[in-house]
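Asker: Have a look at this fold, sequence not included:
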């Protein structure tokens, strides 16, 4: 695997760059987000990379940071999502924004990406949600609530029919004196959802 590429930026295209490394010009396909962050031609450049191998194709992909590369790898692991579509998604949304789209199950935002239909958007949401793990819950600094307790409360709320994002929002800001219980968190979350 070619983990990274360091060299001199020779050229930029709409969806690719050419980097000179040891006298060779390597072409890397990149997202528009990565492209925008690159220096001028002739300047030194460093990109994380992934070599995509198929029986009829060797293609090198470049990434501005580890988060973008990790999401790219997660996306191409989903049935029906190839490297070109994965780059298109990463061009439309930063890794942080895409993570929030998945957590909030925002089907419309994914369908806004060219080439992503309703069925593929649903598949991406389901598979990425499982791979990325739970949506983080913002608790006050110094909160005595353990991550395990938060996870249990979130799962209980999911069992009641709330989405991952709804459960996370309902639990945000929880604080209490002493040792909180699972019932305390669920009661707090349900009162927030009910607007009390």
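Answerer: Good, I have the coordinates. Owing to the predicted nature of the structure, the values given are computational and were not obtained by experimental measurement. Numbers count the residues shown, from 1 in each chain.

Asker: contacts and neighbour counts: CA atoms only from here.
Answerer: Will do.

Asker: Which strands or helices does the strand or helix carrying residue 7 pack on?
Answerer: Here residue 7, judged by DSSP states H and E, is contained in strand 4-12. Here strand 4-12 touches strand 16-21, strand 44-54, going by 3 or more CA pairs under 8 Å, 6 or more residues apart in numbering; DSSP states H and E.

Asker: among those, which is the most enclosed?
Answerer: strand 16-21 (a mean of 20; mean count of other CA atoms under 10 Å).

Asker: Give me the average confidence score over that strand.
Answerer: Mean per-residue pLDDT for strand 16-21: 96.

Asker: same question, stretch 171-182
Answerer: Stretch 171-182 carries an average pLDDT of 79.

Asker: Compute the first-to-last residue distance for that stretch.
Answerer: Using CA to CA, to the nearest Å, the end-to-end distance of stretch 171-182 comes out at 11 Å.

Asker: Buried residues of that stretch, list them for me.
Answerer: 171, 172, 174, 175, 182 (16 or more other CA atoms under 10 Å).

Asker: what does stretch 96-115 give?
Answerer: Result for stretch 96-115 [16+ other CA under 10 Å]: buried residues 98, 99, 101, 102, 103, 104, 105, 106, 107, 110, 111, 113.

Asker: Lowest-confidence entry in those residues?
Answerer: Among the buried residues of stretch 96-115, pLDDT bottoms out at residue 104, giving 74.

Asker: Surely that one touches residue 166?
Answerer: Yes: using CA atoms under 8 Å, residue 104 is in contact with residue 166, at 7.5 Å.

Asker: Domains in the chain, by residue range?
Answerer: 4-63, 66-132, 147-194 (automatic domain parsing).

Asker: ok so, going back, strand partners of the strand holding residue 7, parallel vs antiparallel please.
Answerer: With DSSP bridges as the test, strand 4-12 is paired with strand 16-21 (antiparallel), strand 44-54 (antiparallel).

Asker: The first one: what's the following helix or strand?
Answerer: Which is strand 16-21. Counting by DSSP H and E, what follows strand 16-21 is strand 24-29.

Asker: what ranges do the helices span in this structure?
Answerer: For the chain, the helices defined by DSSP state H cover 32-36, 66-76, 83-92, 95-103, 107-111, 118-132, 147-159, 164-171, 182-194.
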